[in-house]
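In: take this sequence and fold it.
(2 chains)
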Amino acid sequence: MALVHKFLNGTCILRNYLKPSAALHSFWGIYFANYCSNSLQKPVAASGRASQERTEEGLQRHHQKEVALDITSPEEKPEMNFDKAIKDELKDHFRRLKDEIMNHWVGPEGRPLHDVLLEQAKVVWQFRGKEDLDKWIVTSDKTIGGRSEVFLKMGKNNQSALLYGTLSSEPPQDGESSQSGYCAMISRIPRGAFEKKKSYDWSQFNTLYLRIRGDGRPWMVNIKEDTDFIQRKNQMYSYFMFTRGGPYWQEVKIPFSKFFFSNQGRIRDAQYQLLLDKISTIGFTLADKVDGPFFLEIDFIGVFADPAHREEFAYENSPDLNPRLFK
Amino acid sequence: MSLVPHPPEPPKKPIKAPAPHEELFRQEPGGERDKASFVRAVQNFGQYNVRKRGHVDFIYLALRKMREYGVERDLTVYNLLLDIFPKEVFRPRSVIQRIFLHYPRQQECGIAVLEQMENHGVMPNKETEFLLIQIFGRKSYPMLKYLRMRLWLTRFKNINPFPVPRDLPQDPVDLAKLGLRHIEPDLSARITVYQMPLSDDLTGTEDPIQPHIVGIQSPDQQAALAHHNPARPVFVEGPFSLWLRSKCVYYHILRADLLPPEERKVEKIPEEWNLYYPMQLDLDYGRSGWDDYEFDIDEVEEGPIFAMCMAGAHDQATLAKWIQGLQETNPALAQIPVIFRLAGSTGELLTSSGLEEPPRPLCEVQEEDDDHRKQQQQGRS
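Out: So this is what the prediction gives:
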């Protein structure tokens, strides 16, 4: 089973290879649904719509970022050596496994323990090169038949990432959606050796820090927890991020106590605080019902422990909406 | 001669079935769509059939038509729509009626009305609550949704740190002033209107001959421009988009490139500048590793910005007028060569000259912008 997954991966990583066809994905996808979960879309908080899974957004991302994937120059004809690709992949995974095991001697995640304990500010995602962009997936409502477009590229001087596109709130004519229009940028789930799902542990921090430059549109930040034993696919914690617009860089600090809980795109009555020990992904969504072009430039994303912030959770449950919690 | 009649020809375009009660919203010739006509249409519905047959369809139709009539943010109109429901009929009377969703279509319709209110940010009031209790009862889904709206809309009412008023000014000069105040964090910045829009009497207000030019500059920026080295050029970059609610305005900036590290000098404030307390304090509080709140990354650095402006047109002539207006308050600008890095409609870059002095043959056409000119960001050195 693992070997067949390597086959899938092996065809993907050969750099100048043609992108895998949709038929291949759907054929193997029936058997290896849990392995392919990294390419399925994380549902985003659209205004009042049920979330669904799509497999095309991975292809869409390929298409958007590397347009000339099919055209290879005559000089750099790659040797499509299938066995070599599998061997390289296996070696890479075993190396990662060895690193993971040896890292426990040094400290958590390979850093010495006193560094990790004393750390108050940590940069989680930075955008200084093309490989940093690979950690993100961009989606729009094209997956349900809408007309918004969104692209992600490196900004000028390779110092930031620019997410830009056009939002269109024209609903798709599929007979069941009455509203549409969203664009999202979601981070990939961090993977370890043999594609094991890992998660972030931010339990010593309490504020999310973003350095961005927007165009005045309101965005929504969504955090998803790790789907460990309990399936929490459609649940996420969100909050709003308001950009100022203008030529100056903006620092946005959102404490984790302000994130509210939502399931399947709807805010739930029973609210509980976001627990930070197993965070899987973070995502930015734009769905402000205004048609037109947009952009968002991100310098880096970090977390830090704000000593002045003492709040544990910003929302209290009300006895009218949840009588069972107050019995 | 065939006795069988021909089948009807297939329609060339898809047949659009008219919605029921649509004729109530038909516009009389010469009438305009505003709140009064909408209210009249709604009241006419009650007149035509006393039993209010098809009120669910009518309410859905009215919700769709609200946007054309411009009443989507009016609470009284929503209360009027809720008033169409017959009262006391849909309230559950027994336990079994309470278990099974009593009158599901009507409850969905009530929820749809409340959902449109929520989408437009309208907060329901006591009258809405009373109507909902009368129509659906206290434990119904529309009533639950009303409670959630009261809770979450109040929680999120003031979370925007940069609020923009809902009713934006229609005048472009006022809109420009609002936009410039919005993006400039320095409160002591001064806004100057360099040119008011003047329109020719023949063409009317749609095509003004003179576009408006509104600029903003703070005293710190003025001082920085005065100290700027005339050997380095300043750039006029733009247009960049700024969204205020649902309106997009474009602004240009005047900035210089970042100085290379060897030329940057830190100004030392002399000790006698302020005798009350020291300007520079070099205390070491013995902070250890756990007090380090800096991020381990070099932040993106960009050159200083000297002024910003919003103009009606994005061509070089208008911006040149802005530079001329800026020169009155910044005489140093006369010696500095100004280069225009614009994304014109042709996609080319235009060069320009310093206005008083002849230009040094400095960097000419630089980057070109691609067709995503509306989404571009600042250029750096």
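In: what number of residues lie near the nearest residue to A:Pro112 once chain neighbours are set aside?
Out: Nearest residue to A:Pro112 in three dimensions, chain neighbours excluded: A:Val106, at 6.2 Å (Cβ to Cβ, 6 or more residues apart in numbering or on different chains). Heads up, the C-betas are built off the backbone N, CA and C, glycines and all. Other residues near A:Val106 come to 11 when the count uses other Cβ atoms under 10 Å in any protein chain shown.
In: my read: A:Val106 touches A:Val116, true?
Out: No - with contact defined as Cβ atoms under 8 Å, A:Val106 does not reach A:Val116; the gap is 10.4 Å.
In: ends of stretch A:241-254, what's the gap?
Out: Taking Cα to Cα, to the nearest Å, stretch A:241-254 runs 8 Å from one end to the other.
In: I'd like the mean pLDDT over it, please.
Out: Stretch A:241-254 shows a mean pLDDT of 91.
In: what are the contacting residues of stretch B:87-95?
Out: Here stretch B:87-95 makes contact (Cβ atoms under 8 Å, 6 or more residues apart in numbering or on different chains) with B:98, B:102-103, B:106-107, B:134-137, B:139-140.
In: may I see the PyMOL selection of the buried members of the residues you listed?
Out: Provided next is the PyMOL selection string for whichever of these are buried by 16 or more other Cβ atoms under 10 Å in any protein chain shown:
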select buried, chain B and resi 102+103+106+107+134+135+136+137+140
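In: greatest separation within the contacts of stretch B:87-95: which pair is it?
Out: Pairwise distances across the contacts of stretch B:87-95 peak at 17.0 Å for B:Arg98 and B:Gln134 (criterion: Cβ to Cβ).
In: tell me the domain ranges of chain A?
Out: The record's domain parsing of chain A by automatic domain parsing lists A:86-118, A:119-326.
In: deepest in the core, which of the ones you listed is it.
Out: Stretch with highest mean neighbour count among the domains of chain A: domain A:119-326 (a mean of 18; mean count of other Cβ atoms under 10 Å in any protein chain shown).
In: just how off-centre is that one within its chain?
Out: Averaging C-alpha positions (Cα atoms, centre = their mean, to the nearest Å) puts domain A:119-326 8 Å from its chain's average.
In: not counting its neighbours along the chain, what's nearest A:Glu149?
Out: Leaving aside its chain neighbours, A:Glu149 sits nearest to A:Gly165 (4.7 Å; criterion: Cβ to Cβ, 6+ apart).
In: just to revisit the earlier point, including distance to B:Arg51, could the domains of chain A go into JSON lines?
Out: Listed next are those as JSON lines, based on distance: least, Cβ to Cβ, whole Å:
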{"stretch": "domain A:86-118", "distance to B:Arg51": "71"}
{"stretch": "domain A:119-326", "distance to B:Arg51": "29"}
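In: tell me which helix or strand residue 306 sits in.
Out: Assuming you mean chain A. When elements are assigned from DSSP states H and E, A:Asp306 belongs to no helix and no strand.
In: wrong chain, I was asking about chain B
Out: Here B:Phe306, judged by DSSP H and E, is contained in strand B:305-311.
In: could you dump that strand to CSV, C-alpha only?
Out: What follows is strand B:305-311, C-alpha atoms only, in CSV (Å, rounded to 0.1, in the frame of the first residue of the first chain):
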residue,chain,number,x,y,z
ILE,B,305,7.5,57.6,1.6
PHE,B,306,7.3,61.3,1.2
ALA,B,307,3.7,62.0,0.1
MET,B,308,0.6,60.3,-1.2
CYS,B,309,-2.1,61.5,-3.5
MET,B,310,-5.4,60.5,-5.0
ALA,B,311,-6.2,61.9,-8.4
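In: for the record, mean pLDDT for that strand?
Out: Across strand B:305-311, the per-residue pLDDT values average to 89.
In: also stretch B:342-356?
Out: When pLDDT is averaged over stretch B:342-356, the result is 41.
In: now the residue of the stretch 51-200 of chain B found nearest chain A: closest residue in space, sequence neighbours ignored.
Out: Using Cβ to the nearest Cβ, the single residue of the stretch 51-200 of chain B nearest to chain A is B:Ile183, 2.9 Å away. Leaving aside its sequence neighbours, B:Ile183 sits nearest to A:Gly246 (Cβ to Cβ, 6+ apart; 2.9 Å).
In: phi, psi for the residue nearest to A:Pro112 please.
Out: Backbone torsions of A:Val106, given as degrees, to the nearest 10, read phi -80, psi -40.
In: quick one: the helices in the chain?
Out: Using chain A here. Using DSSP state H, the helices found in chain A span residues A:2-13, A:22-31, A:56-65, A:82-106, A:113-118, A:130-133.
In: actually chain B
Out: B:35-48, B:55-69, B:75-83, B:95-99, B:104-119, B:126-136, B:141-155, B:172-183, B:219-226, B:316-329.
In: reformat these into CSV and put distance to A:Asp288 and mean pLDDT next to each item.
Out: As requested, those are arranged in CSV below (distance: least, Cβ to Cβ, whole Å; pLDDT from 0 to 100):
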stretch, distance to A:Asp288, mean pLDDT
helix B:35-48, 26, 84
helix B:55-69, 16, 88
helix B:75-83, 22, 92
helix B:95-99, 38, 88
helix B:104-119, 11, 93
helix B:126-136, 25, 94
helix B:141-155, 16, 93
helix B:172-183, 16, 90
helix B:219-226, 31, 89
helix B:316-329, 30, 88
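In: next up, the contacts around residue 113.
Out: Going with chain A. So A:Leu113 contacts A:Gly107 (Cβ under 8 Å, 6+ apart).
In: chain B was what I was after
Out: B:59, B:63, B:78, B:81-82.
In: do A:Leu286 as well
Out: A:167, A:182-184, A:217, A:219-220, A:294, A:296.
In: repeat for A:Ile267
Out: Going by Cβ under 8 Å, 6+ apart, A:Ile267 touches A:260-261, B:148, B:152.
In: same question, A:Asp174
Out: Contact analysis of A:Asp174 by Cβ under 8 Å, 6+ apart lists A:144-145.
In: nothing else from me, thank you.
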